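Q: dropping the sequence and predicted coords here.
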Amino acid sequence: MVVTYTIASGKGGTGKTTLSVNLGTMLAQYGKETYIMDADMGMANMGIILGLENVPVTLHEVLAGKAPVSEAIYEGPCGVKVVPSGISLQGFQNADPEHLRDVMKEIVNQCDILIIDAPAGISRDGVIPLAIADEVILVVNPELSSMVDALKTKILTELIGGHVKGAILNRATLEKTDVSVHKIEEVLGVKVIGLIPEDPNVRRATAYKTPIVVKYPDSPASVEIKRIAADIAGVEFKNPQLLSKSKEKFLDRLARSLIRREK
Ligand SMILES: Nc1ncnc2c1ncn2[C@@H]1O[C@H](COP(=O)(O)OP(=O)(O)OP(=O)(O)O)[C@@H](O)[C@H]1O
Ligand SMILES: [Mg+2]
């Protein structure tokens, strides 16, 4: 059974593309035939962070009816298949997001899991990915504005017949002012299925155009992304690179602090 996930947020810059790429990479590593698709057609980043920014055919051309889907599929890290969007404004103008559902139907014939990286906000091209996926995962940062925007996205998703699987809290820190897991679950009415720490290696890995789970596999953010991916894939989570005691303690403290803190 194919499962399609849309990674969405509401507020921009919460970590959707980072998560789509890294979850996809790990799911592929866990043996699942996985596709990641950049549905953020206006501000496409997936190709850039994977070094695929100059490829000849992208989702833009497919959605403009100029190329078949098969020509816009590229090999990514650990065998994940990547369908990037183009970076040209002209390409964006010509792409018709209404065809996204047809593209998805073609891709799901070939894979176990499809991850769709959604744009921020609630524009037309942002709404379609919320409606066509089996499950929507909301990425929130530990601040009120991010939570409020995620709530709007959740309400919109349900209004158009979509389903929210849960939220991932990204860029979590030990700051007392961070919104707690309890608060997020209470406000959004969904479970927090992942707690990814703020980790400078995320940006470093991007500079190398390599997912953090590959470049820095035992970095704190990588460890948590691997755990979330294992949950999704239904495999046992084993971290081959044993965490150093200090990293383990940090992740433990972070989880305890964010779970127990009541606002
Ligand atoms: N856990 C993290 N720790 C540190 N930096 C992070 C983390 N997650 C993401 N970032 C950084 O945050 C920035 C935004 O991430 P990303 O592009 O994945 O967000 P996005 O939600 O896709 O943004 P947009 O809404 O613009 O598409 C990037 O610079 C990324 O490197
Ligand atoms: Mg993005």
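A: Cool, the structure landed. Ligands and ions are numbered 1, 2, ... in the order given.
Q: pretty sure residue 104 sits against residue 110.
A: No. Applying Cβ atoms under 8 Å as the test, residue 104 and residue 110 come out as separate, 11.3 Å apart. Every residue, glycine included, has its C-beta placed from N, CA and C.
Q: contact partners for residue 83?
A: Listed by Cβ atoms under 8 Å, 6 or more residues apart in numbering, the contact partners of residue 83 are 35-38, 58-59, 62, 69, 72-74, 103, 107.
Q: same check on residue 47?
A: If you count contacts by Cβ under 8 Å, 6+ apart, residue 47 has them with 38, 53, 55, 58, 82, 84-87.
Q: neighbour count: residue 104 and residue 110, which is higher?
A: Neighbours were counted for residue 104 and for residue 110 using other Cβ atoms under 10 Å; residue 104 has more, 22 against 14.
Q: tell me which helix or strand that one sits in.
A: helix 100-108 (DSSP states H and E).
Q: other SSEs contacting that helix?
A: For helix 100-108, the elements it packs on are strand 34-38, helix 59-63, strand 113-117, helix 124-132, judged by 3 or more Cβ pairs under 8 Å, 6 or more residues apart in numbering; DSSP states H and E.
Q: tell me which other helices or strands the third one touches.
A: Okay, so that is strand 113-117. Using 3+ Cβ pairs under 8 Å, 6+ apart, strand 113-117 is in contact with strand 3-8, helix 16-29, strand 34-38, helix 100-108.
Q: again, only using 10 Å
A: Where contact means 3 or more Cβ pairs under 10 Å, 6 or more residues apart in numbering; DSSP states H and E, strand 113-117 is packed against strand 3-8, helix 16-29, strand 34-38, strand 81-83, helix 100-108, helix 124-132, helix 220-233.
Q: worst average pLDDT in the ones you listed?
A: Mean pLDDT values for those show the minimum at helix 124-132, a mean of 89.
Q: buried sites along whichever strand in the chain runs longest?
A: In the chain, with assignment by DSSP state E, the single longest strand is strand 164-172. Buried residues in strand 164-172, counted by 16 or more other Cβ atoms under 10 Å: 164-172.
Q: cool, and stretch 205-223?
A: 205-206, 210-223.
Q: repeat for stretch 103-123
A: Going by neighbour count (16+ other Cβ under 10 Å), the buried part of stretch 103-123 is 103-104, 107-108, 111-121.
Q: out of those, which one sits closest to ligand 1?
A: Of all the buried residues of stretch 103-123, residue 120 has the smallest distance to ligand 1: 3.6 Å, by Cβ to the nearest ligand atom.
Q: residues touching the nearest residue to the closest one once chain neighbours are set aside, list them.
A: In space, and not counting its chain neighbours, residue 120 is closest to residue 12: 3.4 Å by Cβ to Cβ, 6 or more residues apart in numbering. For residue 12, the contact set (Cβ atoms under 10 Å, 6 or more residues apart in numbering) comprises 40, 43, 119-121, 146, 149.
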